[in-house]
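Asker: got a structure for you, letters missing:
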Ligand code: UT7
């Protein structure tokens, strides 16, 4: 069961430093034209001194302020990240410590699908543990795990964080969560954690590792998974279909393809990959914030969120927007 909840606050935090495609041309053998045409990306925000946990703390603070709640009302904090600076405690625990909140806290690692997985976990736990208020934060610094000499990956990613406050409500506003996974038999998307030798190790230590991706295989998975989830959500919505979608921002061509297949209007889909590139699990909450701030997402809208990523994993959920 998921609890009847609404989104009461939303926030984003992105690093100050903006890196353009023209700057990328100076780092690797690429061009603004190639990146724009193949992905829709023009710029990305990249950390200089900011950290994943630092951005998570700030995003949580801003979302709590936006919701207008007392931080002490928060009973659950879920962090979505694959790039936290800490092995332990979790990013969510760090937020708990910095905000001085006594709450249940944990992280979820589900690649770029992480925010949808976290939102679903939070609303389920709110029901199971009888918690009235939760904060879900996605914060990522993919730039720290990217090989900046590999043109096929370094142009694609950016850094940033987004957060939402979930509050129990009389009317359920979060509907039909779908989480799914397919075995990644071809190793299309993975990255090792760095680790050192011990006196007992028989395998080599890994002290410098990067994200590996077979882009076209991920692309093929993504277009199928996103369309499938959107169709399932539409069916579940019955005579109250969603009118807008906020998809994971990995490549504008994936989004274009799905809009065409779903026979939706371009204006029904929020796209901001041009500015931020792919911030992994943070793309959806960052897009939610921008969509709300720009007035694209309005009170009364029924919006489908859909994500996909490493694992391979994918997920979707429908939200009635109430703020
Ligand atoms: O968040 C979830 C994870 N990620 C994704 O969803 C990514 C999904 N995949 C994609 O977005 C696309 O597959 C990419 C943008 C990664 C690649 O686009 P593509 O149209 O699939 O290109 P490709 O990998 O088939 O490569 C085509 C050519 C290759 O050259 P040759 O072999 O044809 O001579 C690449 O070496 O483009 C070359 N290339 C580049 N050229 C200029 C690859 N990266 C670049 C680059 N600049 N940055």
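Answerer: In hand now; what should we look at? Keep in mind it's a predicted model, so treat the numbers as computed, not measured.
Asker: CA atoms for contacts and neighbours, from now on please.
Answerer: OK.
Asker: pretty sure residue 211 is touching residue 188, no?
Answerer: No: contact status for residue 211 versus residue 188: not in contact, 10.3 Å apart, counting by C-alpha atoms under 8 Å.
Asker: Please work out how many residues are found near residue 195.
Answerer: Neighbours of residue 195 under the rule other C-alpha atoms under 10 Å: 12.
Asker: Now do the contacts for the residue nearest to residue 211 when sequence neighbours are not counted.
Answerer: Sequence neighbours aside, residue 191 is the residue nearest to residue 211 in space, at 4.4 Å (criterion: C-alpha to C-alpha, 6 or more residues apart in numbering). For residue 191, the residues meeting the contact criterion (C-alpha atoms under 8 Å, 6 or more residues apart in numbering) are 145, 209, 210, 211, 212.
Asker: Quick check: bridge partners of the residue nearest to residue 107 when sequence neighbours are not counted?
Answerer: Nearest non-adjacent residue to residue 107, counting by C-alpha to C-alpha, 6+ apart: residue 79, 4.4 Å away. Taking DSSP bridges, one finds residue 107, residue 137 as the beta-bridge partners of residue 79.
Asker: For the ligand, see how far away residue 79 is.
Answerer: When C-alpha to the nearest ligand atom, to the nearest Å is the yardstick, residue 79 and the ligand sit 18 Å from each other.
Asker: Quick check, that residue in contact with residue 136.
Answerer: Yes: counting by C-alpha under 8 Å, residue 79 sits close enough to residue 136 to count as a contact (6.0 Å).
Asker: shared neighbours, those two?
Answerer: Common neighbours of residue 79 and residue 136, using C-alpha under 8 Å, 6+ apart, are residue 118.
Asker: Could you point out which residue ranges in the chain have low pLDDT?
Answerer: Within the chain, the ranges that satisfy pLDDT under 70 run 207.
Asker: picking that back up, now the residue nearest to residue 211. Its backbone dihedrals?
Answerer: Listed backbone geometry of residue 191 is phi -150, psi 130, with angles given as degrees, to the nearest 10.
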